[in-house]
Each structure stands twice: as structure tokens, then as C-alpha cells.
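J.: Compute the structure for the input listed below.
(one chain, ligands or ions: 2)
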Amino acid sequence: MSVKAKSILRNKFGYNEFRDLQQDIINNVLKKKDTLVIMPTGGGKSLCYQIPALIFEGLTVVISPLISLMKDQVEQLKELNVDALFLNSTLKKKDYKKNVDLVRENKVKLLYVAPETFMTDATQEMLSQVRVDCITVDEAHCVSEWGHDFRPEYMKIATTRDRYPDAVFLALTATATNKVQEDIANSLKLIDYTKFISSFDRDNLFLKVIPKVDPTRQTLDFLKKRRKQPGIIYCFKRKQVETLCEELNAHGYLARPYHAGLADKDRDQSQEMFLKDEVQIIVATIAFGMGINKPNVRFVIHYDLPKSIESYYQEIGRAGRDGLKSDCLLLFSYTDISKFKYLLKRKEESERQIAEKQIDSLVEYLEYQNCRRIPLLKYFGEVYEKTKCGDLCDNCLAQITGEADITEFVYKYLYCVKELNEEHGLGYVANVLRAVKDPKILKNRHDDLKSYGTGKNLQRNQWALVARQLIDTSFMIWDQKKDRLELTPKGTSYLSKQYQITGKLVDEEKKTSDKRPNITESDVFNVLNDVRKEYAEMQGIPSYAVIPEESLHEMARTLPTTKDEFLDIEGLTDFKYKKYGEKFLTMIAKLSKDSKNGGGISDNAPDSTKFMQIGEKYNKGMPIREISDEFDMKYTVVLDNLYHYIQSGGKLHKIDWLAKRILGKEILDKVTDAYDAYGCSDLDKIYKKFNGEIIYDHLKIIRLYYMNEI
Ligand code: ADP
Ligand code: ZN
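T.: Numbers count the residues shown, from 1 in each chain. Ligands and ions are numbered 1, 2, ... in the order given. All right, here's what the predicted structure looks like:
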């Protein structure tokens with residue numbers, strides 16, 4: 001039997017291997033033994049009944065409380081050429097009847113029904129006419145009053161049990177507590193059943209907690225690198241949802257609100273648009289629950305605190321159901337906790353105590369210094385068998401990226417800025433700290449300051465890195481117009497009350513080379529994604545139902561050129577090939593051709609043979625204008641070549657003279673400070689920082705000067 005299951009896994013669903021427990025569960029069900037499955041969201045519960053359904057001769061009924069999910073599941077199954085249908089109150093009379101007829105004619109393998117629909121006499125009568133091999137109760141915790149989503153109709157399911165002597169009962173849930181598990185077994189009258197509990201560790205979720213300082217800006221920063229990725233942001237209050245949504249839209253993100261104050265129609269629309277990738281971000285109150293079953297949610301942000309670890313786990317659980325790496329960010333503030341506790345004052349004693357306990361466990365998790373999976377899983381009664389998750393939580397990652405305790409440096413830096421009356425820029429501060437005998441420092445008598453010479457143990461570029469982190473985390477701001485650093489209230493208060501801060505002292509980004517391939521994998525992904533979206537829109541189904549997320553990524557990685565190569569990709573079947581294969585292969589062929597013709601994103605790529613000659617000519621005293629004429633090359637391209645010359649280890653002799661002469665010391669200081677703070681590989685960014693006031697060529701000249709000095 002398991003051979004058959006495996007072949008269905010491969011040929012129908014396009015996956016190579018079963019995940020943890022799936023195979024055992026399927027075998028158990030095929031033996032017609034009652035089964036209780038506890039598996040976290042995204043763990044792969046659906047296959048546990050979908051595969052047996054395709055093996056059983058008769059019908060598999062799936063009772064599911066969520067009408068929107070039902071439709072979604074059935075759409076996906078149809079896309080895999082599986083005979084699945086649903087019956088619920090949203091169907092038009094005509095369609096409802098058509099579906100009933102199909103069931104009666106034994107043309108259906110999987111029938112999804114709402115519990116209310118299942119319990120009607122008409123449904124029971126219909127089912128008595130066919131052979132039912134399996135009754136699956138999805139979201140089985142709805143049967144328990146202890147669960148978070150009690151549905152009275154679920155209690156009645158067991159009363160029908162005698163009518164289906166051939167049917168095995170399979171109950172599935174993602175709720176872990178023992179009490180709920182017992183309730184499920186009792187209420188559904190499971191007979192001599194086997195319980196399968198899979199680990200609650202979601203090993204594709206990156207867990208990160210940061211202090212909440214300027215939440216909107218922190219959110220925007222986080223989103224910058226995720227321009228096109230779907231995600232959910234949880235806020236505590238409706239009002240906050242609305243304002244954040246507006247803010248995001250103002251910054252060019254397509255975001256929609258979702259909270260209890262909206263009309264059903266608007267909420268459904270938000271959800272539908274999100275499923276179909278017509279809107280990128282849903283901003284929701286924490287009350288917003290289970291209606292979303294989108295596999296490719298790439299991030300979840302907790303703008304405000306969740307109310308317990310359990311809710312946190314549920315909410316982050318909506319990310320990465322497709323198994324791809326996804327990010328979970330939580331903005332943590334002690335003020336939020338006090339507010340929360342204050343609100344609890346009005347509650348009844350017993351309720352308040354439970355809620356307070358929950359908050360305390362949450363805080364313990366948030367303050368935890370080692371692998372976050374340890375307290376998280378412990379909460380669910382699971383012992384994490386490793387001591388570290390590797391690089392999947394902020395704490396573990398910090399250990400491998402060499403983050404250090406920078407408390408001392410943070411203090412020294414902020415103190416120095418303060419001592420300088422917040423009137424100077426990054427380079428100046430670093431010089432004071434390192435006791436450089438700069439004429440300006442001496443003239444200002446700043447060698448008399450306490451700070452002078454307190455930072456000799458770090459290099460200039462390390463101080464720059466400390467400064468950059470302090471700006472990024474809002475301890476200070478840098479007014480680039482006046483080239484001066486100013487402390488924020490957070491920075492000022494840090495001087496009177498220090499706490500431990502970890503950060504970097506080695507710049508990872510600068511180590512990586514600037515060279516970019518002509519067309520990157522993510523460019524390819526975006527193009528293929530557009531093709532996929534077109535198909536999805538044509539059929540009115542979500543993108544991931546057309547081609548699963550992971551499969552599309554793999555396509556972008558492996559660039560298949562033949563049918564076989566296409567089918568080698570996980571999640572792609574013959575059926576998919578027939579429907580979409582050719583179009584994707586043609587598109588990939590076209591992309592490869594464009595790439596060879598030098599299309600794509602690289603600009604002013606230095607000519608590998610010329611930059612050496614150009615560097616040498618410059619060093620022999622030839623002015624840039626003349627080099628430009630001699631090589632028939634734009635001025636700006638000559639600058640790019642000189643940059644490449646320096647990057648390859650060359651030195652330019654007179655560039656400081658040129659830079660000072662053309663630009664003057666003041667601008668030079670300003671821009672080098674900016675390079676200190678943001679690096680100099682992305683000139684667009686620097687250009688924007690100065691609101692376009694400094695032209696690119698000047699930025700490039702200063703970059704040469706800067707690189708040459710360092
Ligand atoms: P759950 O119902 O437990 O939340 P799903 O059944 O929706 O999870 O599965 C989550 C995702 O994992 C889906 O995109 C599904 O296609 C994928 N998946 C499930 N089993 C496998 C497998 N054996 N190999 C690869 N992907 C799988
Ligand atoms: Zn970890």
C-alpha cells in the first residue's frame with residue numbers, strides 16, 4: 001500500500017519524499033484505524049487524508065469549519081487533477097445540486113463540507129447512498145470547549161458514526177494541549193485510535209525580536225528588502241491597523257486592513273486579494289485568526305505584543321507554510337507590557353491571573369538570550385533536542401556572525417557626541433575618540449575633552465560601524481545637511497541608564513564584492529512570477545495553486561530547458577507540464593538569451609582590459625578628461641574604471657588633491673561620513689540621502705578618495 005501512496009505523492013503532488021510522520025499516518029488510515037494527528041500549521045496535514053482518499057475505493061468526507069479554506073483547497077486539488085468538491089452555504093442552488101449529483105454518481109474522491117452541512121438530513125441521506133471510506137475532521141480542536149475556536153456543531157459529528165461502518169475516522173489539529181487532545185478523542189468517539197504528534201518546531205521560520213523604538217520606521221526598514229513578498233503585520237488596536245496601513249500605502253506598498261470593525265464584505269475582499277497576490281501586506285488586529293491559509297507568506301511582523309506565546313506561535317505559524325524560509329519579527333517594548341497589564345486590572349481575578357502568567361512566559365521568551373526555540377518549544381511541552389538552531393533565530397545568528405557585546409563602545413560614542421555638543425559628524429567623532437591630532441580638533445581644544453583618546457582600541461572603520469548601528473537603531477540621528485550627529489531621547493537616556501547591547505565590529509557587507517551577474521536569480525524569479533500570475537488571474541485562482549512557491553524558486557535556480565528537467569523540479573507534475581510547461585520553458589529560453597546578449601541590470605561594467613591602463617595613465621598625471629577622450633569613454637565611466645582599479649588593489653596618487661580641489665573639505669567630510677555610515681557600494685542610496693544635491697560624478701570622485709585613504 002505504501003508503494004501506491006508514494007507513487008501518488010510523486011505523480012499527483014509532485015513531491016519526492018514524505019515529511020516526518022506523513023507516511024505512518026497514511027498507513028494507519030489505510031488500515032482503517034482511527035487516527036488523531038497533531039501537527040503544527042504548515043506541517044503537511046492535508047496529504048494525510050488526500051492521499052488515502054485517492055487510494056480508497058469510496059468517498060472521503062472532509063469536515064472543515066472554514067469555508068474560505070475549503071474553496072481554496074478544492075481549487076488547488078482541481079489544479080492537480082483530483083476530483084474534489086465542496087458543499088457549503090456559499091454555493092448557488094444550481095451548483096449545489098450539481099455537486100450533490102456528482103457525489104451520488106461516485107464521481108468524487110474528496111468531499112469538503114462545513115459541519116452544519118454535514119449534519120443536515122439531506123447530506124446524511126446523500127452519503128447513505130454511497131460508500132464512505134473515511135471521515136476526516138479537520139481543525140478538530142473545534143470540538144473542544146477548551147480550544148480557541150469551539151463550534152457546537154462539531155460535538156454532533158460522533159452521533160453519525162454508526163451510519164458509516166466502513167469509514168475510518170481521522171481527526172487533525174494544530175493545537176497541542178493535552179486537554180484538547182483528550183476532548184477530541186472523547187467527543188468524536190474515536191475507537192482504539194493511534195495518536196501522532198509531530199514536533200512543533202517550524203524549522204523554516206527565522207525568529208527575531210528587537211526593541212521597539214520607532215515602530216513605523218523599523219517596519220519600513222524591514223520591508224525595504226521585501227518589496228514584493230507577501231506578509232502579515234499584527235497590531236493591537238484597530239486604529240493602529242488603519243494608520244499603519246495608510247503609512248504603508250503612502251510608501252508604495254499595497255497593504256489592506258483586516259479587523260473586526262470592518263464589514264464582512266471588506267474583510268473577505270482583503271483576504272481574497274491577499275490570496276491572489278493583488279495586495280502584498282495584510283495589517284491585522286491580533287484578533288484576526290484562521291481564515292488565511294496562504295502557503296507563501298514570507299514574513300509576519302508583530303508591531304505590538306501578542307497576548308501569549310500560544311497566540312504568537314499561531315500567528316507566526318501563518319508564515320512559510322510552503323516550507324521556505326520566512327521571517328518573523330517582533331517589536332518588543334516594556335511600555336507595551338505595562339499597558340497590557342494595566343488593561344488587565346479591569347478583568348476578573350481568575351482571568352487576570354491566567355493572562356498575567358501568559359504575559360510573563362511571553363516576556364521570558366522575549367528576553368531569552370540563547371536559542372529562542374528552547375523556551376518556545378518548552379511552552380508546548382516539547383524538549384528541543386538541540387542546543388542551538390544554527391542561524392534561525394537572532395540569538396543563534398548573533399553567535400555565528402561574530403556579534404559582540406558593544407555596550408562599552410555604544411556608551412563611549414554617545415558620550416563623545418554629547419560632549420561635542422552634537423555639533424560634529426562621524427569622522428570628527430572617530431578622530432576625537434582615537435586621539436587624532438587633527439588641526440581642527442586642536443583648534444577647538446577638543447583634545448581637552450574626557451572622550452579624547454578613550455577609543456583608541458577600535459579602528460576608524462570600526463567606529464564607523466558602531467555609528468552606523470547607532471543610527472540604524474535610533475540612538476542618534478545624523479543630519480547630513482549640517483553633517484552633525486544628534487542624540488535621540490533614546491540615546492540620551494542610554495547615557496544615564498545603560499543596558500547590554502550586542503552588535504557588529506566587523507563589516508560583513510564591505511567584504512562581499514560588488515560584482516553582479518547580468519541577470520540575477522531573483523530577476524528570473526520575478527519574470528516567472530509574472531507569467532504565473534497571469535495564469536492565476538486568467539483562472540481566478542491564487543498563484544501558488546498554479547505553481548507552488550518552492551517549485552517556482554527552483555525553476556529560477558535551475559532554469560530547466562526540457563520537459564524532463566521541468567519534471568525534475570519538486571511539485572511539478574505531468575499535468576502541470578501540459579497546462580503550463582511550454583510557456584515557462586519558452587520564457588526561460590528567452591531569459592537565457594537576453595542574459596548572453598548582455599542585458600540585465602549591470603551598468604558601466606568596467607572593461608577588464610582597460611581599467612589597469614586607465615589607472616596607470618591617471619597615476620602618470622593624465623587628467624580624467626583626457627583619459628576620457630583617449631579611450632572614447634564617458635567621464636563617468638572613467639571614474640568607474642578607476643574605482644575598479646582601486647578595488648583590484650591599485651592606488652591613485654593624486655586623487656585627494658583632485659577631490660579637495662573640486663569639492664572642498666566640507667563636502668568631502670560630509671560625504672566620507674556618509675560612506676562611513678552607509679558604505680560606498682550603493683551610490684543611489686547616498687545620492688538620495690543628500691536629496692540629489694551632490695551629483696553622481698562627485699560622489700564617485702569622493703569614493704575614489706575615500707577608498708584610497710582606507
Ligand atoms: P497544514 O494543513 O498542516 O497546515 P498543509 O497540508 O497545507 O499543512 O501543507 C503545507 C505545505 O507543505 C503545502 O504547500 C504542501 O503542499 C506542502 N507539503 C506537504 N507535504 C509535503 C511533502 N511531503 N513534500 C513537500 N511539500 C509538502
Ligand atoms: Zn536559535
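J.: what bits of the stretch 551-700 of the chain have low per-residue confidence?
T.: Residue ranges of the stretch 551-700 of the chain with pLDDT under 70: 594-609.
J.: I misspoke; the intended subject was the stretch 101-250 of the chain.
T.: 147-148, 176.
J.: What parts of it come near ligand 1?
T.: Within the stretch 101-250 of the chain, not a single residue sits near ligand 1 (Cβ under 6 Å from any ligand atom). Where C-beta positions appear, they are placed from N, C-alpha and C, glycine not excepted.
J.: In the stretch 101-250 of the chain, what residue comes closest to ligand 1?
T.: Closest residue of the stretch 101-250 of the chain to ligand 1, Cβ to the nearest ligand atom: Ala174 (6.6 Å).
J.: which ones are touching the closest residue to that residue other than its chain neighbours?
T.: Using Cβ to Cβ, 6 or more residues apart in numbering and skipping residues adjacent in sequence, the residue nearest Ala174 is Thr41, 4.9 Å away. The contact partners of Thr41, by Cβ atoms under 8 Å, 6 or more residues apart in numbering, come to Ala174, Arg202, Gln314, Gly317, Arg318, Arg321.
J.: How about Lys341?
T.: Listed by Cβ under 8 Å, 6+ apart, the contact set of Lys341 reads Glu356, Ile359.
J.: rewinding a little: please report the number of neighbouring residues for the residue of the stretch 101-250 of the chain closest to ligand 1.
T.: Neighbourhood size, Ala174 [other Cβ atoms under 10 Å]: 21.
J.: Leu449 now?
T.: By other Cβ under 10 Å, the residues close to Leu449 number 17.
J.: residues near the residue nearest to it when sequence neighbours are not counted, how many?
T.: Nearest residue to Leu449, sequence neighbours excluded (Cβ to Cβ, 6+ apart): Glu419, at 5.0 Å. Using other Cβ under 10 Å, Glu419 has 15 other residues around it.
J.: got a list of what Asp138 touches?
T.: Asp138 touches Lys45, Tyr49, Val62, Ile63, Ser64, Pro65, Leu172, counting by Cβ under 8 Å, 6+ apart.
J.: Surely Ile588 is in contact with Pro560?
T.: Yes - using Cβ atoms under 8 Å, Ile588 is in contact with Pro560, at 6.7 Å.
J.: Surely the residue nearest to Leu449 and Arg445 touch.
T.: No - here Glu419 does not reach Arg445: they are 11.9 Å apart, not a contact under Cβ under 8 Å.
J.: Help me confirm that Leu102 comes into contact with Lys109.
T.: No - contact criterion Cβ under 8 Å: Leu102 and Lys109 do not qualify, at 10.7 Å.
J.: thinking again about what came up before, out of the contacts of Asp138, which one sits closest to Leu190?
T.: Leu172 (12.1 Å; Cβ to Cβ).
J.: and the gap between that closest one and Leu127?
T.: Distance, Leu172 to Leu127, by Cβ to Cβ, to the nearest Å: 20 Å.
J.: More neighbours: those two, which one.
T.: Using other Cβ under 10 Å as the criterion, Leu172 and Leu127 rank with Leu172 on top: 25 against 22.
J.: before we move on, the earlier item: who are the contact partners of the residue nearest to Leu449?
T.: Glu419 neighbours (Cβ under 8 Å, 6+ apart): Leu449, Lys450, Ser451.
J.: What pLDDT does the model give the nearest residue to Asp203 once chain neighbours are set aside?
T.: The shortest distance from Asp203 to any non-neighbouring residue, by Cβ to Cβ, 6+ apart, is to Leu392 (6.6 Å). Leu392 carries a pLDDT value of 93.
J.: Tell me the residues on the stretch 401-550 of the chain that lie near ligand 1, please.
T.: Pro548.
J.: Apply 8 Å and report the result again.
T.: For the stretch 401-550 of the chain, the residues in contact with ligand 1 (Cβ under 8 Å from any ligand atom) are Tyr544, Pro548, Glu549, Glu550.
J.: Could you chop the protein up by domain?
T.: 2-197, 205-387, 404-500, 521-596, 608-709 (automatic domain parsing).
J.: Checking the residue nearest to Ala174 next. Helix, strand or coil?
T.: Three-state call for Thr41 (DSSP: H, G, I helix; E, B strand; the rest coil): coil.
J.: In a helix, Val103, correct?
T.: Yes - Val103 sits within a helix when classified using three-state DSSP.
J.: Pretty sure it sits against Leu85.
T.: Yes - using Cβ under 8 Å, Val103 is in contact with Leu85, at 7.1 Å.
J.: interface residues of the stretch 301-450 of the chain facing ligand 2?
T.: Contact residues, the stretch 301-450 of the chain versus ligand 2 (Cβ under 5 Å from the ion): Cys371, Cys389, Cys393, Cys396.
J.: how about 6 Å then?
T.: Counting by Cβ under 6 Å from the ion, the residues of the stretch 301-450 of the chain lying close to ligand 2 are Cys371, Arg372, Arg373, Lys388, Cys389, Leu392, Cys393, Asn395, Cys396.
J.: Just the buried ones from the residues you listed?
T.: By neighbour count, with 16 or more other Cβ atoms under 10 Å, those hold Cys371, Arg372, Arg373, Lys388, Cys389, Leu392, Cys393, Asn395, Cys396 as buried.
J.: Look up how far Asp327 lies from the third one.
T.: Pointing back at Arg373 there. 15 Å.
J.: now the stretch 401-550 of the chain, which segments are flagged as low pLDDT?
T.: 507-519.
J.: just the strands in it please.
T.: With DSSP state E, counting those that start in this stretch, the ranges of strands along the stretch 401-550 of the chain come out as 404-405, 476-479, 484-487, 502-503.
J.: who touches whichever residue of the stretch 1-150 of the chain sits closest to ligand 2 in this structure?
T.: Across the stretch 1-150 of the chain, the shortest distance to ligand 2 (Cβ to the ion) belongs to Pro40, at 16.9 Å. Contact analysis of Pro40 by Cβ under 8 Å, 6+ apart lists Ala174, Ser198, Ser199, Phe200, Asp201, Arg202, Gly317.
J.: Hmm, Val383 and the fourth one touching each other?
T.: No - contact status for Phe200 versus Val383: not in contact, 11.2 Å apart, counting by Cβ under 8 Å.
J.: Kindly state the beta-bridge partners for the residue nearest the centre of the chain.
T.: Compute the mean C-alpha point of the chain, and by Cα atoms, centre = their mean the closest residue is Phe299, 2.8 Å away. Per DSSP bridges, the residues bridged to Phe299 are Gly231, Asp327.
J.: Need the overlap of contacts for Phe200 and Val383.
T.: Residues touching both Phe200 and Val383 by Cβ under 8 Å, 6+ apart: Leu377.
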